[in-house]
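Novice: Any chance you can model this:
(one chain, ligands or ions: 2)
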Amino acid sequence: MNILSIETSCDETAISLIKAHGAFGKDFSYEVLGNALLSQVKIHSQYGGVFPNLAKREHAKNLVPLLAQVIPTISGTTSFDHEMLKTLLEREPELFDALSLYLKEQGKPELDAIAVTHGPGLEPALWVGVNFARALSRVWNIPIVPVNHLEGHIAMGLATTNALKPIEFPALALLISGGHTELDLVEDWPSFKTIGETRDDAVGEAFDKVARMMELPYPGGPAISGLAQQAREQNFEPATKLPRPMLHEQNYDFSFSGLKTAVLRLVKDKSLSEHEKKAMAREFEEAAADVLVGKTLRAVEECGARTVVIGGGVSANTWIRSRLNDELEKIGCEFIAPEPEWSTDNALMIALAGYFRALRNEFIEPADLKANGNLRLGVKV
Ligand code: KG4
Ligand code: ZN
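Specialist: Ligands and ions are numbered 1, 2, ... in the order given. Model prediction:
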């Protein structure tokens, strides 16, 4: 099956094309035929976070050039109903112009499904991808399979370059990104129950906000992680310990807003020396990791999980990975993580998750497809 995938939930515009075979498990294999991504990080960095309407505009500008990079050139043209396409893309006139031009010199490619992220994420940004998928589905007559962005992150954690890592169920997925922090019980693929989530900030959001307080660049995760690493190498200890919020509460929920505020109290109206910044970055990273690891370990024991898979931008964090790896090894639980470069948003993850949904015939009428910024992965239990 050839799957084209589209991801526009946040500040990366991404399109992939894969050829996949087999069912979930050992006989699954895939090949990446095309993969392209444009990051808006530099554009948003001046605001210290993602600006939704700016993201929407950038996605509309980027989608057709990325599609042209990923889809092989097929000589000929695609004829389509001009008015229908114009109506479908009435909120993205720039995208309509670019797509009409592209279709004039592009025949229909061999595609079996279009997988598109329909949530969760920034709704104005998601809509651009959704409308683009609807437009392509109509002009090329290809069915759409809607994909949950978080399911994509988990699928990416499980993927090797051309197949899947073996996984034993029940598994736990720890999703840690700029928008989410949650623990999901994965009883089979694709069957998810959310057993815990953040009550306020996502862990990536806390990394970004703390970085901003310390005048470090956006996104804050890699910047803090780099300083924390130096602090460990140079044995810089923090002068004050930070809290480990909710670590000992008998549930799987998280809270990172208090941790962020604790840093704010310590850095406000002070100019920190390089030494102090590194020590603070280390203590913050270790506090966040302690909570994530502690909660995950309790969930593993209480749910009898055989495997833990992590995903989302923060799963690129070396300290969090190595802590999870060490602690899970001690209790004989398998630990699976995506390659760090595939931890952050991309379209390959949407193609993979979409393929398994397409196998189940989970297609949707283009007219019924909607973006949902608050889409959940599983029922909250
Ligand atoms: O999954 P992602 O690309 O986008 C969302 O869906 O949110 O995650 C982006 C988040 C940002 O908050 C960024 O600071 C964080 O992932 N991040 C990291 C690291 N690399 C990216 N956080 C901690 N350590 C890292 N190495
Ligand atoms: Zn993400």
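Novice: going forward, measure contacts and count neighbours with C-alpha atoms only.
Specialist: Noted.
Novice: Nearest spatial neighbour of Asn62, chain-adjacent residues omitted?
Specialist: Spatial nearest neighbour of Asn62, chain neighbours left out: Thr13 (6.7 Å); criterion: CA to CA, 6 or more residues apart in numbering.
Novice: tell me the secondary structure for that neighbour?
Specialist: strand (DSSP: H, G, I helix; E, B strand; the rest coil).
Novice: what bridges to it?
Specialist: Thr13 has these beta-bridge partners by DSSP bridges: Leu38.
Novice: Near ligand 1, which residues of the stretch 251-381 of the chain are found?
Specialist: Applying CA under 6 Å from any ligand atom, one finds that the stretch 251-381 of the chain approaches ligand 1 through 312-314, 316-317, 344-345.
Novice: Buried ones in the strand or helix carrying Ala133, by neighbour count?
Specialist: Assigned by DSSP states H and E, Ala133 belongs to helix 123-140. Buried positions in helix 123-140, judged by neighbour count with 16 or more other CA atoms under 10 Å: 123-140.
Novice: name the helices or strands packed onto the strand or helix carrying Asn62?
Specialist: Using DSSP H and E, Asn62 sits in helix 52-70. If contacts are counted by 3 or more CA pairs under 8 Å, 6 or more residues apart in numbering; DSSP states H and E, helix 52-70 sits against strand 12-21, strand 29-39, helix 93-104, helix 123-140.
Novice: want to throw the ones you listed into a markdown table with distance to ligand 1 and mean pLDDT?
Specialist: Formatted as a markdown table, those follow (distance: least, CA to the nearest ligand atom, whole Å; pLDDT from 0 to 100):
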| stretch | distance to ligand 1 | mean pLDDT |
| --- | --- | --- |
| strand 12-21 | 8 | 98 |
| strand 29-39 | 10 | 98 |
| helix 93-104 | 23 | 97 |
| helix 123-140 | 12 | 98 |
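Novice: any idea how far Gln46 is from ligand 1?
Specialist: Here Gln46 is placed at a distance of 14 Å from ligand 1 (CA to the nearest ligand atom, to the nearest Å).
Novice: Please apply the same query to Arg57.
Specialist: 18 Å.
Novice: Next, Thr307: phi, psi?
Specialist: Dihedral pair for Thr307: phi -140, psi 150, per degrees, to the nearest 10.
Novice: ugh, wrong one, I meant Ala281
Specialist: Per degrees, to the nearest 10, the backbone of Ala281 is at phi -60, psi -40.
Novice: what about it, neighbour count?
Specialist: 27 (other CA atoms under 10 Å).
Novice: And for Glu327?
Specialist: 16.
Novice: hang on, the earlier thing: got the residues of the stretch 251-381 of the chain next to ligand 1 as CSV, with secondary structure, pLDDT and neighbour count columns?
Specialist: Putting those into CSV (DSSP: H, G, I helix; E, B strand; the rest coil; pLDDT from 0 to 100; neighbours: other CA atoms under 10 Å) gives the following:
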residue, secondary structure, pLDDT, neighbour count
Gly312, coil, 95, 29
Gly313, helix, 94, 24
Val314, helix, 97, 26
Ala316, helix, 96, 24
Asn317, coil, 98, 18
Thr344, coil, 93, 20
Asp345, coil, 96, 28
